[in-house]
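sequence-free structure coming up:
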Ligand code: PRX
């Protein structure tokens with residue numbers, strides 16, 4: 001099989017040097033007993049009580065796992081709890097009310113610290129306001145906010161009253177917001193007037209307004225005034241000012257609603273193989289137990305730490321490891337609104353230095369950028385407070401891994417390369433930093449209690465070193481419960497391919513390919529489906545293609561990922577126009593505009609290559625793999641099976657003539 005997908009090819013991974021965790025780390029680690037693997041193995045599913053025990057339950061669960069109706073597994077089904085209570089109230093009760101919960105660093109250099117009590121007060125006030133607006137238990141509240149404190153506050157307020165939140169990444173377009181609100185039948189929206197982009201005021205509310213116009217349902221909308229006089233706005237019908245609501249409900253408290261463990265905590269839309277985003281459903285108890293456990297065991301979070309996950313809460317990483325994991329454990333979580341290079345390229349290191357950050361968690365794409373900018377930026381700051389580094393979201397090859405460890409971590413910080421997905425809810429593969437040796441370029445073994453198998457097409461395990469499909473053979477607490485409103489698609493997308501319901505063998509398919517070595521260390525290679533990751537954003541190529549195909553005069557489009565010099569993936573589009581239609585600058589502009597309005601500027605192609613036809617098999621299937629090879633300048637295999645093999649040379653010539661079909 002082709003194991004190149006998403007792979008930056010700079011090494012023979014997993015065979016390189018290994019590093020042991022430093023003794024000083026092991027001595028203080030939350031989890032340092034190697035017996036934990038066996039303890040989990042021998043005691044399933046009860047081993048997961050260890051995760052559930054990190055939570056406070058209103059009603060203790062009796063059953064750990066109910067597996068009568070696979071793949072619809074139920075974790076701790078007879079237990080009851082509230083996620084906001086776990087993130088807030090219990091820390092107050094433990095006498096930690098003045099401990100910092102969130103340290104927020106704004107784009108304009110603003111800073112705000114919320115103690116656990118501050119957060120508790122504001123979450124309660126907003127929960128009371130949401131109730132007053134009509135939000136009832138199980139109503140889906142959509143949150144469309146940038147990285148400002150009101151975002152986690154809104155999430156926790158929803159959790160407090162048992163209303164699932166659906167956070168939509170603030171950079172997505174009005175259409176994307178409308179699609180998600182419509183799919184979830186959501187009648188409540190929390191958004192803001194706008195936010196700063198490189199110092200300029202950017203209007204978010206107009207996107208929200210446009211989304212609402214197209215919706216059938218009435219939407220009660222709360223607007224956070226982020227920009228003040230920099231972007232005045234007026235409120236219309238069904239619109240409420242966040243700060244006025246808070247004043248109105250000042251000091252009100254709301255009893256946390258006791259939720260069944262299996263009740264939905266939130267919905268998170270993500271890209272998949274179809275044009276429509278999928279609403280991944282996460283349940284309260286299992287999800288919270290798994291994120292708390294992995295924050296404890298993998299990220300080694302302790303209440304006294306200052307912990308920073310530099311992701312966006314608009315995606316799953318931020319949900320699990322900026323909000324729910326760290327707050328459940330009662331630590332201080334840093335929340336950063338800006339970008340790594342504004343006002344200068346040392347911005348993140350300045351924040352680490354000033355806050356004495358203990359644990360730092362980011363994505364390979366960021367690490368590659370830091371490496372490219374050079375060590376002079378981290379070198380300007382004292383980073384000695386760092387105890388552990390983490391990475392997530394894409395494969396990381398040894399060179400950036402080593403750079404990260406040496407330059408940011410001073411050579412003695414363990415690095416955890418954590419593999420997981422929106423659908424797994426929390427980390428599933430990673431070294432345990434207090435136990436395992438690290439192999440740069442390999443995520444590590446499956447976590448205790450998680451059963452990963454790398455299999456071939458037939459579902460048989462492949463030999464060590466061979467590429468195969470990454471599957472998980474037994475359920476785990478943080479797993480997605482279903483896709484919103486469509487159990488059938490849930491089974492079709494993740495389970496059907498490698499399960500055999502007749503024998504009762506159910507196996508989750510991640511959509512990734514990977515290799516496993518003799519020690520059980522897993523090297524993730526990339527996706528097999530039509531999903532690409534661009535700067536940490538998971539995008540469906542089908543969604544981009546359909547936005548292009550909507551442009552007047554376009555016949556067909558194929559979108560692939562191209563790896564640039566830095567190793568980052570870029571969107572690369574091949575487009576054929578209808579007969580007699582010119583492929584001119586206006587068409588190119590229209591393509592960009594359509595993509596920005598359908599999805600957002602994150603999906604804007606780096607290059608658009610016009611071609612009279614797309615290469616197709618005799619049965620009419622577009623040969624995306626071949627187009628990916630062309631985009632990446634790879635050697636092409638045999639093209640004789642194509643219906644139109646001559647087109648490949650034409651496309652290559654076009655790219656050559658057009659300087660690679662670049663934007664400008
Ligand atoms: O392809 C894998 C890649 O990111 C995908 C999941 O994307 P998303 O649901 O957006 O969640 C991202 C953050 C959890 C996976 O299917 N991926 C994630 N972590 C890694 C990774 N690929 C290689 N190594 C990782 N550590």
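Alright, I've got the coordinates. Source: prediction; values computed, not measured. Numbers count the residues shown, from 1 in each chain.

can you tell me the closest non-neighbouring residue to residue 75?
Nearest residue to residue 75 in three dimensions, chain neighbours excluded: residue 286, at 3.4 Å (C-beta to C-beta, 6 or more residues apart in numbering). Using the backbone N, CA and C atoms, a C-beta is placed for each residue, glycine as well.

residues contacting the one you found?
75-76, 261-262, 425, 477-479 (C-beta atoms under 8 Å, 6 or more residues apart in numbering).

one more time with 10 Å, if that's ok
48, 51-52, 64-65, 73-77, 79, 261-262, 265, 425-426, 475-479, 481 (C-beta atoms under 10 Å, 6 or more residues apart in numbering).

give me the three-state assignment for the residue sitting furthest away from the middle of the chain.
Taking C-alpha atoms, centre = their mean as the measure, the residue most remote from the mean C-alpha position of the chain is residue 580, 42.5 Å away. Three-state assignment for residue 580 (DSSP: H, G, I helix; E, B strand; the rest coil): coil.

residue contacts, it?
residue 553.

quick one, phi/psi of it?
Here is the backbone geometry of residue 580 (degrees, to the nearest 10): phi 70, psi 10.

pLDDT value on it, please?
Here, the pLDDT recorded for residue 580 equals 76.

what of residue 10?
37.

same question, residue 3
We have a pLDDT of 33 for residue 3.

beta-bridge partners for residue 556, please?
Residue 556 has these beta-bridge partners by DSSP bridges: residue 576.

quick one: it and residue 624 touch, right?
No. Judged on C-beta atoms under 10 Å, residue 556 makes no contact with residue 624 at a distance of 11.9 Å.

is there a neighbour count for the residue lying closest to residue 99 once chain neighbours are set aside? I'd like the number.
Spatial nearest neighbour of residue 99, chain neighbours left out: residue 116 (5.5 Å); criterion: C-beta to C-beta, 6+ apart. Residues contacting residue 116 under the criterion other C-beta atoms under 10 Å number 24.

for residue 116, grab phi and psi.
Residue torsions, per degrees, to the nearest 10, at residue 116 are phi -60, psi -30.

now do it against residue 336, distance only.
Between residue 116 and residue 336 the distance is 20 Å, computed by C-beta to C-beta, to the nearest Å.

try residue 29
In terms of C-beta to C-beta, residue 29 sits 26 Å off from residue 336.

got the contact list for residue 340?
So residue 340 contacts 310, 346-349, 351, 362, 366, 369-370, 373, 377 (C-beta under 10 Å, 6+ apart).

who wins on neighbours among the residues you listed?
When neighbours are counted by other C-beta under 10 Å, residue 348 leads the contacts of residue 340 with 26 neighbours.

got the contact list for the host helix or strand of that residue?
According to DSSP states H and E, residue 348 maps onto helix 347-355. Applying C-beta under 10 Å, 6+ apart, the contact partners of helix 347-355 are 100, 103, 105, 109, 111, 113, 306-308, 310, 332, 334, 336, 338-341, 343-344, 346, 357-358, 360, 362, 366, 370, 377-386, 407-408.

from the chain's centroid, how far away is that helix?
Mean-position distance between helix 347-355 and its chain equals 23 Å (C-alpha atoms, centre = their mean, to the nearest Å).

within its sheet, name the partner strands of the following helix or strand past that helix and how each one runs.
Using DSSP H and E, the helix or strand that follows helix 347-355 in sequence is strand 359-362. Applying DSSP bridges, strand 359-362 is found paired with strand 306-309 (parallel), strand 388-392 (parallel).

give me phi/psi at whichever residue of the stretch 101-250 of the chain sits closest to the ligand?
Closest to the ligand within the stretch 101-250 of the chain is residue 169: 10.5 Å, counting by C-beta to the nearest ligand atom. Per-residue torsions, residue 169: phi -50, psi 130 (degrees, to the nearest 10).

surely it and residue 314 touch.
Yes. Between residue 169 and residue 314 there is a contact under C-beta under 10 Å: 3.1 Å.

intersection of neighbour lists for those two?
Common neighbours of residue 169 and residue 314 (C-beta under 10 Å, 6+ apart) are 144-146, 268, 537.

of these, which is the nearest to residue 505?
Nearest to residue 505 among these: residue 268, at 28.0 Å, using C-beta to C-beta.

out of everything not next to it in sequence, what's closest to that closest one?
Of all residues not flanking residue 268 in the chain, residue 280 sits nearest, at 5.0 Å (C-beta to C-beta, 6+ apart).

and that neighbour, how many residues sit next to it?
24.

any idea how far it is from residue 535?
21 Å.

if we can go back for a sec, restricted to strands, list the shared contacts of residue 169 and residue 314.
With DSSP state E as the criterion, strands contain 268, 537 from among the shared contacts of residue 169 and residue 314.

got a markdown table for the shared contacts of residue 169 and residue 314, with distance to the ligand and neighbour count too?
Output for the shared contacts of residue 169 and residue 314, formatted as a markdown table (distance: C-beta to the nearest ligand atom, whole Å; neighbours: other C-beta atoms under 10 Å):
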| residue | distance to the ligand | neighbour count |
| --- | --- | --- |
| 144 | 18 | 28 |
| 145 | 19 | 28 |
| 146 | 18 | 25 |
| 268 | 9 | 26 |
| 537 | 8 | 20 |
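
tabulate the shared contacts of residue 169 and residue 314 (a markdown table), appending pLDDT.
Compiled in a markdown table, those are given as follows (pLDDT from 0 to 100):
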| residue | pLDDT |
| --- | --- |
| 144 | 98 |
| 145 | 98 |
| 146 | 97 |
| 268 | 97 |
| 537 | 88 |
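
mind giving me the domain ranges of this protein?
Using automatic domain parsing, the domains assigned to the chain come out as 23-455, 531-661.

ok, and does the helix or strand hosting residue 543 reach over to the ligand?
Using DSSP H and E, the element containing residue 543 is helix 541-549. No. Remark: helix 541-549 sits outside contact range of the ligand, by C-beta under 6 Å from any ligand atom, the gap being at least 13.8 Å.

assumed residue 102 was part of a strand.
Yes. According to three-state DSSP, residue 102 belongs to a strand.

helix, strand, or coil at the closest residue to it other than its chain neighbours?
Leaving out its chain neighbours, the residue that sits closest to residue 102 by C-beta to C-beta, 6+ apart is residue 114, at 4.4 Å. When classified by three-state DSSP, residue 114 comes out as strand.

please read off the pLDDT at residue 114 from the model.
Predicted confidence (pLDDT) for residue 114: 98.

and residue 624, by the same measure?
With respect to pLDDT, residue 624 has a value of 85.

so which residues on the stretch 251-400 of the chain come close to the ligand?
Checking the stretch 251-400 of the chain against the ligand by C-beta under 6 Å from any ligand atom, the hits are 270, 315-317, 392-395.

output the below-cut-off pLDDT ranges for the stretch 551-664 of the chain.
659-664 (pLDDT under 70).

ok, now which ones touch the residue in it positioned nearest to the ligand?
Nearest to the ligand, among the residues of the stretch 551-664 of the chain, is residue 569, at 10.8 Å (C-beta to the nearest ligand atom). Contacts for residue 569 were tallied using C-beta under 10 Å, 6+ apart; they are 6, 8, 365, 394, 526, 532-535, 539, 560-563, 606.

put the buried members of these into a ChimeraX selection.
Entered in ChimeraX, the line below selects the buried ones among the contacts of residue 569, by 16 or more other C-beta atoms under 10 Å:
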select :6,8,365,394,526,532,533,534,539,560,561,562,563,606
